[in-house]
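S.K.: next come a sequence and a model predicted from it.
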Amino acid sequence: MDTLLGDCALDRLRRRKSFKWRTHAADVLPAFVAEMDFDIAAEISEAIAAALADSDCGYAHIGELGAAFAEFAAERLGWQPDPGLIYAIPDVMTGITEVVQALTAPGAGVVINPPVYAPFFFRLQLLGRQVVEAPLLAGPAGVYDLDLEALDAALARPGVGAYLLCNPHNPVGRVWSTAQLTAIAEICARRGVSVLVDEIHAPLVLPGAAHVPFHTLDHPAARQAVVFSSASKGWNIPGLKCGVAIAGSGQAAAILAERWEALLPSNLGVLASVAALRNARHWLDAAVAQIHANASVLRALLDRHVPGVGYRRPQASFLAWLDCRRLEAGDDPAAVFLERGRVALSPGPDFGTQGRGFARLNMGTSPELLAEAVCRIAASLGS
């Protein structure tokens with residue numbers, strides 16, 4: 001592994017006190033929550049250390065965050081957002097829930113595409129909104145696609161007020177094309193539905209794929225959309241609590257501006273995010289290269305130890321969506337892997353009913369620990 005990422009030694013990792021390393025017993029190998037095992041970039045550590053040395057732990061000011069994100073987007077994503085339309089948020093889901101509350105009435109429907117990020121379900125339900133499903137099409141060989149007919153039908157339902165798109169998609173790892181996104185914009189405009197886009201995994205698009213930011217579309221619906229992103233996934237700093245919401249218009253900006261007090265990020269998170277976006281792109285490149293390599297390693301490991309598992313390399317991020325239905329491990333194979341193999345994956349049903357028989361594996365680690373996880377899965381099945 002690249003020395004920038006550390007060695008992922010298990011004894012070092014177990015000293016961490018994060019959710020990933022304190023949820024399960026010490027004999028369990030955690031490979032569930034979307035938190036990588038890599039050491040954070042030195043530039044981020046230095047920014048945090050400098051702030052602590054100055055006792056700079058007060059309330060956050062957005063400072064250079066908008067400009068830093070715009071610079072990164074221009075260089076890496078082919079997108080030139082206006083820094084004046086970029087707002088700091090504590091995390092993507094908090095930003096989404098605040099905007100959903102502004103754009104929709106209690107009881108309104110919000111369309112999502114399951115299997116999809118589990119908090120989409122429970123956070124919308126906590127808001128008193130109705131989750132309206134337009135499931136992805138599950139094709140042969142683990143290929144998922146958008147079902148535009150199902151999306152149109154869902155958006156046409158009475159009371160639907162917003163569409164929450166995940167791009168790149170979590171957990172299936174798809175990156176949607178310009179044509180697909182344009183079709184989405186057209187449908188949403190025709191149905192009069194607001195668009196919110198979670199692009200948190202965009203910095204982690206893998207070789208062979210290209211992320212298309214929704215705001216780069218030449219369409220009125222795109223210009224009215226609100227896009228959400230963060231350095232948290234790309235640079236492995238989710239606990240520092242900082243993200244960005246990018247408004248496509250002055251109207252959307254007003255929604256974010258009037259809710260600034262409900263969207264205060266961590267000051268350390270702002271400083272760390274600026275350091276990541278501006279000064280630690282080389283670290284991101286190393287992480288993407290390792291994840292890309294791990295995706296191939298995982299295919300070989302599964303073929304060798306658990307050939308019954310279906311797996312298609314993701315186009316983005318460090319999350320692998322495993323089809324375990326041939327293993328006869330029930331609706332929640334992750335529960336079997338945990339109980340019998342002492343390895344923790346994310347339960348597939350958490351991502352919607354379409355996730356029954358599936359599990360999500362975090363491969364943001366060393367090849368050695370990835371191999372250990374697969375061997376534990378095999379052991380849980382008596383393989």
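M.R.: Sure, I can see it.
S.K.: drop to CA atoms for contacts and neighbour counts, all remaining ones
M.R.: OK.
S.K.: show me what contacts residue 378?
M.R.: Contact analysis of residue 378 by Cα atoms under 8 Å, 6 or more residues apart in numbering lists 305, 306, 341.
S.K.: ok, of those, which one's closest to residue 158?
M.R.: The closest of the contacts of residue 378 to residue 158 turns out to be residue 306 (Cα to Cα; 45.4 Å).
S.K.: who touches stretch 88-104?
M.R.: 62, 65-66, 119-120, 123-124, 127, 161-162, 194, 196, 198, 200, 228-230, 241-245, 255-256, 259, 263-266, 270.
S.K.: if we go to 6 Å?
M.R.: 161, 228, 241, 242, 243, 244, 263, 264, 265 (Cα atoms under 6 Å, 6 or more residues apart in numbering).
S.K.: need the max-distance pair from those residues.
M.R.: 161 and 241 (28.0 Å).
S.K.: between the two, which one's more packed in?
M.R.: Neighbours per residue, other Cα atoms under 10 Å: of residue 161 and residue 241, the larger number sits with residue 161, 25 against 22.
S.K.: could you export the host helix or strand of the more buried one as PDB, CA atoms only?
M.R.: Taking DSSP states H and E as the criterion, residue 161 maps to strand 160-166. C-alpha atoms of strand 160-166 as PDB (Å, rounded to 0.1, in the frame of the first residue of the first chain):
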ATOM      1  CA  VAL A 160     -44.900  14.000  -4.100                       C
ATOM      2  CA  GLY A 161     -42.800  17.100  -3.700                       C
ATOM      3  CA  ALA A 162     -39.100  16.100  -4.100                       C
ATOM      4  CA  TYR A 163     -36.800  13.600  -5.600                       C
ATOM      5  CA  LEU A 164     -33.600  12.600  -3.700                       C
ATOM      6  CA  LEU A 165     -31.000  11.200  -6.100                       C
ATOM      7  CA  CYS A 166     -27.800   9.400  -5.000                       C
END
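S.K.: so what touches the next helix-or-strand element following that strand?
M.R.: The element immediately downstream of strand 160-166 (helix or strand, assigned by DSSP H and E) is helix 178-191. The contact list for helix 178-191 (Cα under 6 Å, 6+ apart) reads residue 221.
S.K.: buried residues in helix 178-191?
M.R.: Neighbour-count burial for helix 178-191, with 16 or more other Cα atoms under 10 Å as criterion, is recorded at 178, 181, 182, 184, 185, 186, 187, 188, 189, 191.
S.K.: which one of those sits closest to residue 3?
M.R.: When the buried residues of helix 178-191 are compared against residue 3 (criterion: Cα to Cα), the nearest one is residue 178, at 36.1 Å.
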